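[1] Fold the stuff below for me.
(chains A and B)
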Amino acid sequence: MTENGTRGVYAASDPLTERMEELQFVLGEGPCWDAFALRRPVLVPDLGSESPGRWPMYLPTAWDGGIRAVFSFPLQMGAVRLGVLDVFRKRPGSLISAELGTALAFAEVTTTALLDQHEDATTGGFGDVLADAGDYRAQMFQAQGMVMVQLGVSLGEAMVQMRAYAFAHGRRLEEVAHDVVARRLQFDRDSS
Amino acid sequence: MITVSAQQLAAAFVEIADTLVDEFNVVDYMHMLTERVAGLTEAAAVGMLLAGHHGRLEFIAGTDENVTLVELFVLQNEEGPCLEAFRTGEPVVNVDLGDAAARWPRFAPLAVGAGFQSVHAFPMRLRQQVIGALNVFGDAAGDDFATGDVAIMQALADAATIGLLQERAVTRSEAVSEQLQAALNSRIVIEQAKGAAAQMHNVSVDEAFTLIRDYARHHNRRLTEVAHAVITDRQTLGQLRAP
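    Below you'll find the predicted structure:
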């Protein structure tokens, strides 16, 4: 899913999952749509106890497909929205804290990988930075906003440029962000 | 310290209870709460922290966002009144920061250096669950809360917690996770907007927050809505300085 209305299933772990994902596109409703629109996870641990009015078409169809729980995680970085990661279960039940943490981390790494497909996503998404002190994290997103204006590019592209700069100069992303916020480093339209 | 009229307090409670609005946003809600509390108590600064799923306290909203104040919020993952209120579920009130260096070796001197004299923290709790804390800083001597005031402040924090958790009209543990993730992403949007505004208007990121906040106030729009507009709409970005 993208801001400009492109919709499609990017990857699925098995045929049932793919069918369930396509179902949401066909019906135009479901947890995935809501997660994208609301910019937050939509966690449905038991489809059977959901109010039928929430997704009138999706709920019975998913149930018939053998799905009992759905967890949808938006792939986003602030105002940048790229899609949704859906996790399905054939039995009802909440995600335990560790599972929830894994899903959130996976969504973060996927977001970074989608933003910057040239780099190996496993070598550090912005999840690494999220685990860091809050100050660094805030600065990274502030720098992203500044570079967006400096280069006149999209917010997603600004992060790609910052990561590319950090990689090319052998520096950590948060150091680059810190220099941008301190105005020691400026991205310039000609040299990028 | 609180000398609010019953009328003002009642209005704040009604506003806090009203979470069944379209496009409810946790950060806007928490920002509203900090502004109301600052107005009621004449506090120098008010902030909100919510616990992540690993028990980490995340900064969600503040009346100001200068670097030192945000650092004071972030530091409370290690020590400070919010961490104590979060762990015990009880309010921490009337702490004289000048006498608190032994209790909080890093937090207290930093807070004093920022010009604060007293600090208070109220847990955000619903039954057995504590989901975060409300932080109040005073900058004048004698800014203490009387016993009755503490009960009122805690009632505000409790009402806000209920409002937050009931927004989905379902009480379940998933709602807390959903809300928190939404809040964290909204925080990122605000930081991105601060960066864009700082660059466009050649001001610091601290001042950029004030520009965004004041623009939202003058146009009666929500903070997160303006932050989104700043990033996606060049016109809004350009207009921040001329409200």
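
[2] In contact with whichever residue of chain B sits closest to chain A, which residues?
    Using CB to the nearest CB, the single residue of chain B nearest to chain A is residue B:195, 2.6 Å away. Where C-beta positions appear, they are placed from N, C-alpha and C, glycine not excepted. Residue B:195 sits next to A:141-149, A:181, B:205, B:208 when contact means CB atoms under 8 Å, 6 or more residues apart in numbering or on different chains.

[3] if you set the cut-off to 7 Å instead, what comes out?
    Counting by CB atoms under 7 Å, 6 or more residues apart in numbering or on different chains, residue B:195 touches A:141-146, B:205.

[4] Which pair of those spans the longest distance?
    Within the contacts of residue B:195, two members stand farthest from each other by CB to CB: A:144 and B:205, at 11.9 Å.

[5] neighbour count winner among these two?
    residue A:144 (29 against 23; other CB atoms under 10 Å in any protein chain shown).

[6] how about that one, what does it touch?
    Shown in contact with residue A:144 (CB under 7 Å, 6+ apart): A:155, A:158-159, A:162, B:192, B:195.

[7] Check which helix or strand it maps to.
    Using DSSP states H and E, residue A:144 maps to helix A:134-151.

[8] for residue B:231, same thing?
    Here residue B:231 is assigned to helix B:223-232, by DSSP H and E.

[9] For stretch B:213-220, list the C-alpha coordinates in PDB.
    In PDB, the C-alpha atoms belonging to stretch B:213-220 read as follows (Å, rounded to 0.1, in the frame of the first residue of the first chain):
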ATOM      1  CA  ARG B 213       2.300  24.500  18.600                       C
ATOM      2  CA  ASP B 214       1.400  28.100  18.300                       C
ATOM      3  CA  TYR B 215       0.200  27.600  14.700                       C
ATOM      4  CA  ALA B 216      -2.000  24.800  15.900                       C
ATOM      5  CA  ARG B 217      -3.400  27.000  18.700                       C
ATOM      6  CA  HIS B 218      -4.100  30.000  16.500                       C
ATOM      7  CA  HIS B 219      -5.800  27.900  13.900                       C
ATOM      8  CA  ASN B 220      -7.600  25.700  16.400                       C
END
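
[10] Below-threshold pLDDT in chain B: ranges please.
    B:1-4, B:20-23, B:53, B:142, B:166-173, B:242-243 (pLDDT under 70).

[11] Now do the helix or strand just after the helix holding residue B:231: everything it contacts.
    Counting by DSSP H and E, the next helix or strand C-terminal to helix B:223-232 is helix B:234-239. If you take CB under 7 Å, 6+ apart as the criterion, helix B:234-239 is touched by B:196-197, B:200, B:229-230.

[12] Let's see that with 6 Å instead.
    B:196, B:200, B:229-230 (CB atoms under 6 Å, 6 or more residues apart in numbering or on different chains).

[13] Among the residues you listed, which pair sits farthest apart?
    B:200 and B:229 (13.0 Å).

[14] Can you tell me which helix or strand of chain A has the lowest average pLDDT?
    Least confident helix or strand of chain A, by mean pLDDT, DSSP states H and E, is helix A:126-130 with a mean of 43.

[15] Need the contact partners of the helix or strand just after the helix holding residue A:144.
    Once the chain leaves helix A:134-151, the next helix or strand it forms, by DSSP H and E, is helix A:155-168. Residues outside helix A:155-168 that contact it (CB under 6 Å, 6+ apart) are A:79-80, A:115-116, A:144, A:147-148, A:173, A:176, A:192, B:231.

[16] What segments of chain B are helices?
    Using DSSP state H, the helices of chain B run over B:6-17, B:26-41, B:67-74, B:81-88, B:107-113, B:147-166, B:173-201, B:205-218, B:223-232, B:234-239.

[17] Show me the one of the ones you listed that comes nearest residue B:51.
    Across the helices of chain B, closest to residue B:51 is helix B:81-88 (CB to CB), at 6.5 Å.

[18] Can you tell me which helices and strands that closest one packs against?
    Helix B:81-88 sits against strand B:92-96, strand B:118-126, strand B:129-138, with contacts defined as 3 or more CB pairs under 6 Å, 6 or more residues apart in numbering or on different chains; DSSP states H and E.

[19] Mean neighbour count added to those, as a markdown table?
    Formatted as a markdown table, the helices and strands packed on helix B:81-88 follow (neighbours: other CB atoms under 10 Å in any protein chain shown):
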| stretch | mean neighbour count |
| --- | --- |
| strand B:92-96 | 19 |
| strand B:118-126 | 24 |
| strand B:129-138 | 24 |
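
[20] Next, format those as JSON lines and append distance to residue A:70.
    JSON lines is the format used below for these (distance: least, CB to CB, whole Å):
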{"stretch": "strand B:92-96", "distance to residue A:70": "41"}
{"stretch": "strand B:118-126", "distance to residue A:70": "26"}
{"stretch": "strand B:129-138", "distance to residue A:70": "24"}
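
[21] Those into CSV, with extra columns for distance to chain A?
    CSV is the format used below for the helices and strands packed on helix B:81-88 (distance: least, CB to the nearest CB, whole Å):
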stretch, distance to chain A
strand B:92-96, 21
strand B:118-126, 17
strand B:129-138, 14
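
[22] what's the closest non-adjacent residue to the residue of chain A found nearest chain B?
    Nearest to chain B, among the residues of chain A, is residue A:145, at 2.6 Å (CB to the nearest CB). In space, and not counting its chain neighbours, residue A:145 is closest to residue B:195: 2.6 Å by CB to CB, 6 or more residues apart in numbering or on different chains.

[23] separation between residue A:88 and residue B:229?
    Remark: distance between residue A:88 and residue B:229 (CB to CB, to the nearest Å) = 36 Å.

[24] What of residue A:189?
    Distance from residue A:189 to residue B:229, by CB to CB: 24 Å.

[25] higher neighbour count, the two?
    A direct count of neighbours by other CB under 10 Å for residue A:189 and residue B:229 places residue B:229 higher, at 22 against 9.

[26] picking that back up, and of the helices of chain B, who's closest to residue B:123?
    The nearest among those, by CB to CB, is helix B:81-88 at 4.4 Å.

[27] Just want the angle from the closest one to strand B:118-126.
    On the basis of axes from the mean of the first three to the mean of the last three CA atoms, to 10 degrees, helix B:81-88 is oriented at 30 degrees to strand B:118-126.

[28] Buried residues, helix B:81-88. List them.
    For helix B:81-88, a neighbour-count test (16 or more other CB atoms under 10 Å in any protein chain shown) marks B:81-86 as buried.
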